[in-house]
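Chemist: take a look and give me a structure for this.
(one chain, ligands or ions: 1)
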Amino acid sequence: MSNSETPLTAIVREKYGAAALRVLDRVEGTAAAACCDPVSCNCGGAAFDGTVDPITADLYVRGETDTLPEAAVLASLGCGNPTALAELRPGEVVLDLGSGGGIDVLLSARRVGPDGKAYGLDMTDEMLALARRNAAEAGVTNVEFLRGRIEDIPLPDDSVDVIISNCVINLSGDKSRVLREAYRVLKPGGRFAVSDVVVQGALPDDVRRSMTLWVGCVAGALQDDEFVRLLHAAGFEDASVEMTRRYGADDARAFLVHAGLDMERVAAAVAGKVGAAFVRARKPASFTLRDATPADTGAVEALLTEADLPLAGVREALARPASGFVVAESDGRVVGVGGLEDCCDDVLLRSVAVAPAWRTRGLGRALVLRLIAEAEARGRRAMYLLTTTAEGYFPHFGFRAVDRANVPAEVQATEEFSRACPASAVVMVRSLGEAR
Ligand SMILES: C[S@@+](CC[C@H](N)C(=O)[O-])C[C@H]1O[C@@H](n2cnc3c(N)ncnc32)[C@H](O)[C@@H]1O
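Modeler: You can find the predicted model right below:
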């Protein structure tokens, strides 16, 4: 690794190695905690001298880190709380780019549970040693810390559900490459959910050139619109940057203190322009929408059970041709379903469900549009549905609530209408084809 190391990488590694050793010294009592150096006072190191670091202070809510080892909390050098914002789900695989002492890996491991896994990736041996020590002390087994660079991630293609990172990408001298690597290892539909320092507007040239401020997470920060542009260039979709903390002039003085610049001039020039942000993006999902078949029965019933939808009549419906559609992931796993039941001139839309990990990825929309198109192709007049939870969703597709008394007798006579759905369910209707 060190053969191809740039001077910037060497400086970053040295500074964060020293920060890791200071934490170890402190928890093991092997040496007095050093007063802060340029790195230890901002982003590159917790302020062990009791001063408040404007970047790293108060990132986690009370209670969130109570059960973590002291060294993991002390080594927290991030600028946000990506695991809180990323909506991690049980069973998912998470990768933390630049995992440091492991705080976000340990929090992720808790969220993804024993069926999931949290990887941490870091290039600094001292940080890796600290993180592994913290994982052992926490008794967490679904974690693994990998040695390597975020520009060259040592994991296979399409192997990770969620990439998190906390104040690290700004440190890289090749951010495009980091984002391309993140895209490569994410599974189709996988999420990029990263906290980082970003800039809005232009920073003074001397700030951009300061190696101290680069290592301190400020000089290397991307502009917000550039971050979005690079994410899209790497292949991501739906990229966005949401500011979570903005640093004022006093904060700027705190991180400028060791930079050797004209503090007052630079503090005024950067105040309000630099902040922490939550950066989101998604690798486009790859899925196929196909006719449902009897072979899908088990998967469809599991999806409906998970979504708390009735199973009555589903097995029989799947035995009939053209009963509906399923969405299958690239590996063939069924992750969404939607059914149609003909009722003379009308049609009933039923059993629309998407697996939790696939929600918010456009599958439900694709299913509903496909089912509407199919009903129109069959020349049906109107599409009805019953819902207890999605009354606000279906109007996006032209549905409106309707009084039960106005529903045609054939639709009322269906199993779903008469028995399966609770009486409290809302009835909705959408005209089809020429009836619109
Ligand atoms: C500011 S600290 C953040 C640590 C951790 N994310 C946290 O929130 O506490 C940056 C970490 O990223 C690591 N790092 C920096 N650049 C890296 C790179 N190019 N590849 C891998 N790790 C890197 C450093 O070793 C350090 O542990």
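Chemist: pull out the buried positions in stretch 263-270.
Modeler: Buried residues in stretch 263-270, defined by neighbour count with 16 or more other CB atoms under 10 Å: V266, A267, A269, V270. To be clear about C-beta, it is placed using only N, CA and C from the backbone, and glycine gets the same treatment.
Chemist: er, stretch 233-253 I mean
Modeler: Judged by neighbour count using 16+ other CB under 10 Å, the buried positions of stretch 233-253 are A234, F236, D238, A239, V241, R245, Y247, A249, D251, A252, R253.
Chemist: before we move on, what about stretch 374-392?
Modeler: Of the residues in stretch 374-392, those buried by neighbour count under the rule 16+ other CB under 10 Å are E374, A375, E376, R380, R381, A382, M383, Y384, L385, L386, T387, A390.
Chemist: turn these into a markdown table, columns for secondary structure.
Modeler: Conversion of the buried residues of stretch 374-392 to a markdown table gives the following (DSSP: H, G, I helix; E, B strand; the rest coil):
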| residue | secondary structure |
| --- | --- |
| E374 | helix |
| A375 | helix |
| E376 | helix |
| R380 | coil |
| R381 | coil |
| A382 | strand |
| M383 | strand |
| Y384 | strand |
| L385 | strand |
| L386 | strand |
| T387 | strand |
| A390 | coil |
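Chemist: confidence score at the residue sitting furthest away from the middle of the chain?
Modeler: Residue farthest from the centre of the chain, counting by CA atoms, centre = their mean, is A409 at 46.1 Å. The confidence metric pLDDT takes the value 92 at A409.
Chemist: remind me which residues of the chain are low pLDDT?
Modeler: Low-confidence segments of the chain (pLDDT under 70): 1-4, 30-52, 360, 434-436.
Chemist: quick revisit: now, the buried residues of stretch 233-253 that are in strands?
Modeler: Counted as lying in strands by DSSP state E, out of the buried residues of stretch 233-253, are D238, A239, V241, R245.
Chemist: and which of these is nearest to A129?
Modeler: Ranked by distance to A129 (CB to CB), those are led by R245 at 30.0 Å.
Chemist: for the residue of the stretch 301-436 of the chain at minimum distance from the ligand, which residues are in contact?
Modeler: With CB to the nearest ligand atom as the measure, A357 is the residue of the stretch 301-436 of the chain nearest to the ligand, at 24.4 Å. Each residue near A357 by CB atoms under 8 Å, 6 or more residues apart in numbering is listed here: R89, G91, E92, D161, V335.
Chemist: among these, which ones are in strands?
Modeler: Here DSSP E is the test, and these give D161, V335 as lying in strands.
Chemist: need the contact partners of stretch 178-186.
Modeler: Residues contacting stretch 178-186 (CB under 8 Å, 6+ apart): 95, 97, 150-153, 155-161, 163, 169, 172, 192, 230-231, 233-236, 283.
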